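[1] Provided below for reference: sequence and predicted model.
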Amino acid sequence: MTTDAPPEGPAIEVAGLHKSFGDLEVLKGIDLTVRRGEVVCVIGPSGSGKSTLLRCVNLLEQPTAGKVTVSGTEVTDPDVDIDRMRRRIGMVFQAFNLFPHLTVLGNLTISQRRVLGRGKAEAERLARAHLAGVGLGDKESAYPAQLSGGQQQRAAIARALSMGPELMLFDEPTSALDPELVGDVLAVMRKLADEGMTMLVVTHEMSFAREVADRVIFMDDGQIVEEGPAEQVVTDPQHQRTRLFLARVLDPAAAEVKEVG
Ligand SMILES: Nc1ncnc2c1ncn2[C@@H]1O[C@H](COP(=O)(O)OP(=O)(O)OP(=O)(O)O)[C@@H](O)[C@H]1O
């Protein structure tokens, strides 16, 4: 008998993960374990492979080598039903990816109905509960274009949650937002973390990483250079590459002076 009940053990296990695009080796042997209920932030320079790592976890990218296990199921096993696995993994992208021709409620119910086979009333009940949870209880009839970027991203998070995922992947969820809209999205993510959701988050928001993450991973050139408790990695990094990156991110002007001087 097959069951979707989550087994004991880690939420995500990545072992010896390699990914190349043609001659370009983007991931060069990543080992990573994310425990259930853990919030892990992945930081690092542009092009270091952060998004590719995330996309390999739900097989939006096919790894070149290595093994990815989610909730005890090896997703890199060619025999695994990947669509079934993906239902257990929520993903939120930088570009919100809402369906423009559907209302917010429609965006939250379509996959519940088509993929999970839920009835209309049940799908709408869950959608409304999740919309209220992200502060969009009054927006169910709006179309995405009528919402701010921050509201669209919160709707995208609610949409992912309405599928009942065991874990959530966030790929730079606030990078496309105007600065004044970032806070509301981070607040929703913080609440989710407080509620015990397992989260793997690629982000440039160092204060979020420091305050919300249990662990921070610094990637550079396709490898994990450093990982540890969030506060330690962000405020007292052990590696020179991490220090240089954080100096640039936290205080770009000062880092520039240092590099010039
Ligand atoms: N589908 C693809 N085809 C070819 N090259 C790709 C593809 N996806 C990513 N790459 C390349 O892989 C490298 C790593 O990209 P990735 O998006 O994982 O980095 P990142 O650390 O998330 O960067 P950023 O912070 O800028 O989003 C980059 O050089 C990128 O151009």
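    Structure received. Just so you know, these numbers come straight off a predicted model, no measurement behind them.
[2] From what I see, residue 115 and residue 163 are in contact.
    Yes. Residue 115 is within contact range of residue 163, at 7.4 Å (criterion: C-beta atoms under 8 Å). For the C-beta atoms, the positions are set from N, CA and C on the backbone; glycine is no exception.
[3] List the residues that are in contact with both of those two.
    residue 87 (C-beta atoms under 8 Å, 6 or more residues apart in numbering).
[4] Between those two, which is the more surrounded one?
    Legend: neighbour count by other C-beta atoms under 10 Å for residue 115 and residue 163, higher for residue 163 (19 against 13).
[5] Secondary structure element holding that one?
    Element membership for residue 163 (DSSP states H and E) is empty, with no helix or strand holding it.
[6] per-residue confidence at it?
    Note for residue 163: predicted pLDDT of 95.
[7] Residue 249 now?
    Taking residue 249 on its own, its pLDDT is 86.
[8] thinking it is in contact with residue 205, fair?
    No. Judged on C-beta under 8 Å, residue 249 makes no contact with residue 205 at a distance of 9.6 Å.
[9] Counting neighbours, go ahead and name the busier of these two.
    residue 205 (22 against 16).
[10] residues contacting the more buried one?
    If you count contacts by C-beta under 8 Å, 6+ apart, then residue 205 has 174, 182, 186 around it.
[11] In terms of pLDDT, where does residue 256 sit?
    Looking at residue 256, the pLDDT reads 56.
[12] How about the residue nearest the centre of the chain: what's its closest non-neighbour residue?
    Centroid check for the chain by C-alpha atoms, centre = their mean gives residue 170 as the closest residue, at 1.7 Å. In space, and not counting its chain neighbours, residue 170 is closest to residue 201: 4.3 Å by C-beta to C-beta, 6 or more residues apart in numbering.
[13] now that neighbour, which residues is it bridged with?
    With DSSP bridges as the criterion, residue 201 is bridged to residue 41, residue 170.
[14] how far away is it from residue 74?
    Distance, residue 201 to residue 74, by C-beta to C-beta, to the nearest Å: 23 Å.
[15] Compare those two and say which one has the larger neighbour count.
    Taking neighbours as other C-beta under 10 Å, residue 201 and residue 74 compare with residue 201 leading, 26 against 15.
[16] right, and the residue nearest to residue 170 touches residue 42 too?
    Yes. Here residue 201 reaches residue 42: they are 6.9 Å apart, a contact under C-beta under 8 Å.
[17] So which bits of the stretch 1-150 of the chain are right by the ligand?
    21, 24, 26, 44, 46-52 (C-beta under 6 Å from any ligand atom).
[18] Buried by neighbour count, from those residues: which ones?
    Among those, those classed as buried by 16 or more other C-beta atoms under 10 Å are 26, 44, 48-52.
[19] In this structure residue 139 contacts residue 98, no?
    No. Residue 139 lies out of contact with residue 98 (C-beta under 8 Å); the separation is 11.6 Å.
[20] any shared contact partners between the two?
    104, 155.
[21] follow-up on the earlier one: filter the contacts of residue 205 down to the ones near the ligand?
    Within these, nothing lies near the ligand by C-beta under 6 Å from any ligand atom.
[22] For the residues you listed, which entry has the maximal number of neighbours?
    That'd be residue 174 among the contacts of residue 205, by other C-beta under 10 Å, with 23 neighbours.
[23] wait, what's in contact with it?
    Residue 174 neighbours (C-beta under 8 Å, 6+ apart): 153, 181-182, 185-186, 203, 205.
[24] now with 10 Å?
    94, 149-150, 153, 181-186, 189, 203-205, 208 (C-beta atoms under 10 Å, 6 or more residues apart in numbering).
[25] pLDDT weak spots in this protein?
    The chain contains residues with pLDDT under 70 at 1-8, 252-261.
[26] just checking, residue 183 touches residue 150?
    Yes. Residue 183 lies in contact with residue 150 (C-beta atoms under 10 Å); the separation is 8.2 Å.
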